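> Build me a structure from this.
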Amino acid sequence: MQIPLRIQCPNCNWGYEFKNKFINMGWIKLKCNHCDGEFFTKITINDFKIETQEEIPEAPILDFNQ
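All right, here's what the predicted structure looks like:
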């Protein structure tokens, strides 16, 4: 799943495109494509849960590949 985001650069207020990247916990360092200014940002996502496991769960499985 990809969530495209546009983050405003605090140096020039240009929209920094944050896409095709992993959202890590904590602060990350970004570099603006417009002014080359560096800045830090932290992305917090609430109520977003993904579960994975090695064995088949007991609940019914929806197969979206059919």
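> what residues does the helix or strand harbouring Phe39 touch?
In the assignment (DSSP states H and E), Phe39 maps to strand 38-41. In this structure, residues lying in contact with strand 38-41 by C-beta atoms under 8 Å, 6 or more residues apart in numbering are 7, 9-11, 27-32. Bear in mind the C-beta positions are built from the backbone N, C-alpha and C, glycine included.
> now the nearest residue to Phe18 once chain neighbours are set aside: how far from Glu58?
Spatial nearest neighbour of Phe18, excluding adjacent residues (C-beta to C-beta, 6 or more residues apart in numbering): Leu5 at 4.3 Å. Leu5 sits 36 Å away from Glu58, going by C-beta to C-beta, to the nearest Å.
> Name the residue in the two with the higher neighbour count.
Neighbours per residue (other C-beta atoms under 10 Å) separate Leu5 from Glu58, with Leu5 holding more: 14 against 5.
> quick one: buried residues of the strand holding Phe39?
For strand 38-41, a neighbour-count test (16 or more other C-beta atoms under 10 Å) marks Phe39 as buried.
> Stretch 22-32 now?
Buried residues in stretch 22-32 (16+ other C-beta under 10 Å): 30, 32.
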